[in-house]
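Enquirer: need coordinates for the following:
(2 chains)
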Amino acid sequence: MSIGMSIRTSHETDELRDLYRELILDHAKKPRHFGKLDAATHMAEGINPLCGDKLRMYFSVDADDRISDARFEGSGCAISVASASLLTETVIGLDTARALQFFSAMVRRLAGRPDLDSDADVIEDIDLGKLRALEGVKEFPSRVKCATLAWHALNSALRRDAQQVSTE
Amino acid sequence: MTSAVSGNLNTVPPVAERIDSVRSDFPALAQEINGKPVVYLDSAASSQQPASVIDTVAEYQRHDHANVHRGVHTLSHRATEAYEGARDSLVRFINAASRSEIVFTSGTTGAINLVAQSWCRPRLREGDRILITHLEHHSNIVPWQIVCEQTGAELVVCPINLRGEVEPETLLGLMDSRVRMVAVAHVSNALGTILPLEKIIAEAHARNIPVLVDGAQAVPHMQVDVQSLDCDFFAFSGHKMFGPTGIGVLYGKESRLDAMPPWQGGGDMILEVRFDGTTYNELPYKFEAGTPNISGAVGLGAATEYLLALGMDRVARHEAELLKYLVEKLVAIDGIRLIGTAEHKASVQSFMLDEIHPHDLGTILDHQGVAIRTGHHCAMPVMDFFEIAGTARASLALYNNRQDIDRLADALIMAKEVFA
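Expert: Next up is the predicted model:
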């Protein structure tokens, strides 16, 4: 590749680099906690009909209402897979109420849905930590659904109000 | 433009030599997307409209609109002339035998549903079969599934090969005495495959089976002559041939259309209404219940005239060269896997790049101003066949050029860098 091309690409890909940060690509290529969870107590499937993303999220919740394990399987784009992978790392060890606060915080942060802020004050306090790597989607409105798909599935699974959620 | 293309074919420069002027007919292609001149490679989903279509529709709305076939006043007369004039253009465009054979519908989907419900439903008995192929668009699958559910008939699907082709021998093997309709695409929207219609139709007719052709992806790319094809029905959409959305055509042989009851009832499809019975209007109005999409038809008429003036043979030659160039550029990129490699293809190419999900590819390309379609292309069985969730698809039209393909290739290389 010519030097000119390299200069052009480094200049023009800033927004793309922000979307596809190293952490995102790492989780997309090597998703953590990938696979079926036979001992799951809660499960939900997230489907994005637009692009065919399909993620099945498994959670094992113990007697103390704590998420002792989380896994996922399925296929999707880099953003949806990385988001699911980061989700599992985030929620293992949390109690379900706290996990649902993360759901609200993520949807609020990425999709700008203040209507979901039932606990606005609590949510404000949440440190999203490495989940902030997903914030690049805000510049790509068509990709917000990819980033929130796994979180909607988490919400659905823990509330047990549906077995399948769709982004539509 | 008309004067430039109306002469002897041999004296007119090929489209490729004056492609800049064709391109400049399309206002939407003169804009920037994400700071870069747009490269529109999604015409198989919906094509852009030339200024002549946009202006004709606007003129109609400004000066000529009224309801059709109703008033004695001047505006109603003008609206009717414009609407029926579009039908006349379409007769010439696909070489129908008469204007009775051109039924305006909402699109290809509406046209296929009309045939499924009006031709097939009264005729189908339990155990009868409808024969389609594995590469059909959902629009040529679901209407048949519905009528099969209604009647107890069975939907039979002809497999495709790994190149994405329908092998005539395989299809003929499925044309048994129980088949009541063969419904096939002319061109696959996901794979670009051109089906061997002449053979399929001849063999079906030898067995007394009518044939419906989903022509949505054929009409923007090639000359279609329904009489030479000898198909019984041919369905297509305005918005894939540089016209407006919400308008399409069902061509049907007059003998077939005559033998069909109206599908929907309402105004315009009747001659006389009494409470003890209604006399239906003649063809094609029998199938055009309610006030039609007049401005859509007028726009489609303008698009048809645009294509007639350009010459579909010339369009086909231009696109064949472009497709060859597209494939050359794609296979030169390390990690490209072409999906759909039929011997006979229209200028539609699906592909995968490395392990990059098509949706990610679509975002990166859009960021470079390059519009492609990503996903299942409303042909989920095709995706299942190739065991993929979706593809990236570049679809070309008469306004594309080599620079568009170069830009696509550059953007794909950038995608590889982002995902490296």
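Enquirer: where's residue B:104, which helix or strand?
Expert: Using DSSP states H and E, residue B:104 sits within strand B:102-105.
Enquirer: partner strands of that strand, with direction?
Expert: Its sheet considered, strand B:102-105 pairs with strand B:248-252 (antiparallel) by DSSP bridges.
Enquirer: residue B:125 belongs to a strand, doesn't it?
Expert: No. Counting by DSSP: H, G, I helix; E, B strand; the rest coil, one finds residue B:125 to be coil, located in no strand.
Enquirer: where does chain B have low pLDDT?
Expert: B:1-20 (pLDDT under 70).
Enquirer: hmm, back to that, contacts for the strand holding residue B:104?
Expert: B:87, B:90-91, B:96, B:111, B:114, B:235, B:247-252, B:257, B:283-284, B:287-288, B:292-293, B:297 (Cβ atoms under 8 Å, 6 or more residues apart in numbering or on different chains). (Each C-beta comes from the backbone N, C-alpha and C, glycine too.)
Enquirer: just the ones of those residues in strands?
Expert: B:235, B:248, B:249, B:250, B:251, B:252 (DSSP state E).
Enquirer: quick check: the farthest pair among these?
Expert: B:248 and B:252 (13.2 Å; Cβ to Cβ).
Enquirer: who has more neighbours, these two?
Expert: residue B:252 (32 against 29; other Cβ atoms under 10 Å in any protein chain shown).
Enquirer: grab the nearest non-local neighbour of that one.
Expert: residue B:233 (5.0 Å; Cβ to Cβ, 6 or more residues apart in numbering or on different chains).
Enquirer: the residue nearest the centre of chain A: what's it in contact with?
Expert: The centre of chain A sits closest to residue A:83, judged by Cα atoms, centre = their mean, with a distance of 3.1 Å. Residues in contact with residue A:83, defined by Cβ under 8 Å, 6+ apart, are A:134, A:146, A:147, A:148, A:149, A:150, A:151.
Enquirer: swap in residue B:52?
Expert: B:25, B:302, B:305, B:306.
Enquirer: of the residues you listed, which is the most crowded?
Expert: With neighbours taken as other Cβ under 10 Å, the top of those is residue B:302, carrying 28 neighbours.
Enquirer: wait, isn't it in contact with residue B:60?
Expert: No. With contacts counted by Cβ atoms under 8 Å, residue B:302 stays clear of residue B:60, the gap being 9.1 Å.
Enquirer: please parse chain B into its domains.
Expert: Listed domain ranges for chain B are B:2-30+B:311-419, B:54-308 (source: automatic domain parsing).
Enquirer: one step back: list just the nearest of the ones in strands among the contacts of strand B:102-105 to chain A.
Expert: residue B:248 (23.8 Å; Cβ to the nearest Cβ).
Enquirer: what's the closest non-adjacent residue to residue B:145?
Expert: Residue B:145 sits nearest to residue B:155 (Cβ to Cβ, 6+ apart), 5.8 Å away.
Enquirer: in a helix, that neighbour, correct?
Expert: No. Residue B:155: not assigned to a helix; according to three-state DSSP it is strand.
Enquirer: quick one: the helices in the stretch 151-300 of chain B, in order.
Expert: Using DSSP state H, counting those that start in this stretch, the helices of the stretch 151-300 of chain B run over B:168-174, B:197-206, B:226-229, B:254-258, B:294-310.
Enquirer: picking that back up, count of residues packed around the residue nearest to residue B:252?
Expert: When counting by other Cβ under 10 Å, one arrives at 26 neighbours for residue B:233.
Enquirer: ok, how many other residues are close to residue B:387?
Expert: Look at residue B:387: counted by other Cβ under 10 Å, it has 6 neighbours.
Enquirer: checking it next. Helix, strand or coil?
Expert: Assignment for residue B:387 (three-state DSSP): coil.
Enquirer: got phi/psi on it?
Expert: For residue B:387, the backbone dihedrals (degrees, to the nearest 10) come out as phi 50, psi 50.
Enquirer: before we move on, the earlier item: closest one of the contacts of residue A:83 to chain B?
Expert: Once Cβ to the nearest Cβ is applied, the member of those that ends up nearest chain B is residue A:146, at 6.8 Å.
Enquirer: look at the closest one and give its secondary structure.
Expert: helix.
Enquirer: pLDDT score for it?
Expert: Note on residue A:146: pLDDT of 93.
Enquirer: OK, contacts around it?
Expert: Contacts of residue A:146 (Cβ under 8 Å, 6+ apart): A:48, A:51, A:53, A:76, A:77, A:79, A:80, A:83, A:137, B:359.
Enquirer: let's go with 7 Å and repeat that
Expert: A:48, A:53, A:77, A:79, A:80, B:359 (Cβ atoms under 7 Å, 6 or more residues apart in numbering or on different chains).
Enquirer: nearest residue to the fifth one in space, please, no chain neighbours.
Expert: Spelled out, that is residue A:80. residue A:146 (4.3 Å).
Enquirer: hmm, back to that, so among the contacts of residue A:83, which ones count as buried?
Expert: Listed as buried from the contacts of residue A:83 are A:134, A:146, A:147, A:148, A:149, A:150, A:151; burial here means 16 or more other Cβ atoms under 10 Å in any protein chain shown.
Enquirer: got the contact list for residue 98?
Expert: In the absence of a named chain, this looks at chain A. For residue A:98, the contact set (Cβ under 7 Å, 6+ apart) is empty.
Enquirer: wrong one, chain B
Expert: Going by Cβ under 7 Å, 6+ apart, residue B:98 touches residue B:254.
Enquirer: tally of neighbours for residue A:69?
Expert: Using other Cβ under 10 Å, residue A:69 has 18 other residues around it.
Enquirer: what do you get for the one 5 residues further on?
Expert: Other residues near residue A:74 come to 21 when the count uses other Cβ under 10 Å.
Enquirer: returning to that earlier point: how far away is the residue nearest to residue A:80 from residue A:70?
Expert: According to Cβ to Cβ, to the nearest Å, residue A:146 and residue A:70 sit 19 Å apart.
Enquirer: how about the residues of chain B by chain A?
Expert: For chain B, the residues in contact with chain A (Cβ under 7 Å from any Cβ of the partner chain) are B:357, B:359-360, B:363-364, B:367, B:374-376, B:389-390, B:414, B:417-419.
Enquirer: helices - which of those residues land there?
Expert: Of those, the ones assigned to helices by DSSP state H are B:359, B:360, B:363, B:364, B:367, B:414, B:417, B:418, B:419.
Enquirer: how about those, which pair is most distant?
Expert: Based on Cβ to Cβ, the longest span within those runs between B:359 and B:417 and measures 18.0 Å.
Enquirer: the residue of chain B most remote from its centre: what's it in contact with?
Expert: Most distant from the centre of chain B: residue B:276, at 40.8 Å, with distances by Cα atoms, centre = their mean. Listed by Cβ under 7 Å, 6+ apart, residue B:276 has no contact partners.
Enquirer: residue B:349 too?
Expert: Residue B:349 makes contact with B:192, B:326, B:327, B:330, B:338, B:340, B:393, B:394 under the criterion Cβ under 7 Å, 6+ apart.
Enquirer: out of the contacts of residue A:83, who's nearest residue A:38?
Expert: Minimum distance to residue A:38 across the contacts of residue A:83 is 19.7 Å, recorded for residue A:150 (Cβ to Cβ).
Enquirer: correct me if wrong: the closest one contacts residue A:84.
Expert: Yes. Between residue A:150 and residue A:84 there is a contact under Cβ atoms under 7 Å: 3.7 Å.
Enquirer: wasn't residue B:337 part of a helix?
Expert: No. Secondary structure assignment places residue B:337 outside any helix; it is strand (three-state DSSP).
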